[in-house]
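S.K.: Got a predicted structure here, sequence first:
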Amino acid sequence: MGEKCVTRGAIPDGKTVPARRAREIGALLLCITLAANPVHAETPCPIPDNLALRDISLPAAQRQVAEDGSLTVLTFGGVHTAGPDAETRGETYPAQLLANLSAALPKIEVKVVNDTPPGKNSVDVPPVLTGLIQKSGARLVIWGPGGRDVASGVDLEAFFQTVKAGIDAARRGGADVILLDTMFVPSPTRMSLIEAYRGELRSAAAAEGVPLLRRHDLMRLWSEDGLLNLAARDPAERDLVARHLFACVARGLAAPIAAAVQDGAHPN
């Protein structure tokens, strides 16, 4: 795949390698494995029934499918964190989402419009979201608030109200919303901060009746199962982990979205 996989010398025959060297070897093996098997192929990322989105309602998206056989989705970010060549290789989050949705909805013209996350945190999203929806023609918004809010210390009540305001803004623009749970980070200190925002996000989703993909719990599961090395420090390995994660999240979204809009599809 042309990934930036770097070795630092050969492995001595019959000798035990130190822990640091073992991690380097592990990173190399991951590079080799993913180089032979592109992340947009059958990337392993099991989603248990209790964490899967099921029986979600997306009335605006379903109407778009029924009316003209198309589906336009608005997303934010998920490009640069996957490495400099991810976009040209179709391995960014929006590209993965497009590929998975197109595969799940082969008779539907799917378009994924990706925008830079507005402003410095989620508080800046609701005021511009309706305009972004109207500009893009999207009838489904996939939004993952929380990460930037933790970093900037947004007040929890303000965060809760911001998520609700974002949902209201999307609905005013004629679009449905799917929320993504805050990402899992293998750091006890950071996790103690994230948990409070996760609680507010779940509360806002429940209050507004919108689907919430439990990305945090899925990432924790994949990390504990050894599928994602979220503690990777090598830049090349971090890029590969990000691409793997994007593929898994896209797959977790595509099936329930397809099921929600399928009844409105044109039977070509």
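M.R.: Perfect, thanks for sending it.

S.K.: Tell me where the stretch 1-150 of the chain is predicted with low confidence.
M.R.: For the stretch 1-150 of the chain, the stretches with pLDDT under 70 are 1-43, 78-80, 82-83.

S.K.: Helices of that one, residue ranges please.
M.R.: 19-36, 59-68, 93-104, 126-136, 147-152 (DSSP state H, counting those that start in this stretch).

S.K.: quick check: angle from the second one to helix 126-136?
M.R.: Orientation check (axes from the mean of the first three to the mean of the last three CA atoms, to 10 degrees): helix 59-68 against helix 126-136 gives 10 degrees.

S.K.: Buried residues, helix 59-68. List them.
M.R.: 60-62, 64-65 (16 or more other CB atoms under 10 Å). Every residue, glycine included, has its C-beta placed from N, CA and C.

S.K.: Pick the one among the residues you listed closest to Val185.
M.R.: Lowest distance from Val185 to those (CB to CB) belongs to Ala61, with 30.7 Å.

S.K.: which residues touch that closest one?
M.R.: 71, 73, 139-140, 175-176, 257, 260-261 (CB atoms under 8 Å, 6 or more residues apart in numbering).

S.K.: what about 6 Å?
M.R.: 71, 139-140, 176, 261 (CB atoms under 6 Å, 6 or more residues apart in numbering).

S.K.: farthest-separated two in those residues?
M.R.: Largest pairwise distance in the contacts of Ala61, by CB to CB, is 10.7 Å, between Leu71 and Asp176.

S.K.: quick one: Pro127 from Gly166, how far?
M.R.: The gap separating Pro127 from Gly166 is 10 Å, by CB to CB, to the nearest Å.

S.K.: err, Gln96, not the other one
M.R.: 23 Å.

S.K.: count of neighbours near Pro106?
M.R.: The number of residues packed near Pro106 is 10, by other CB atoms under 10 Å.
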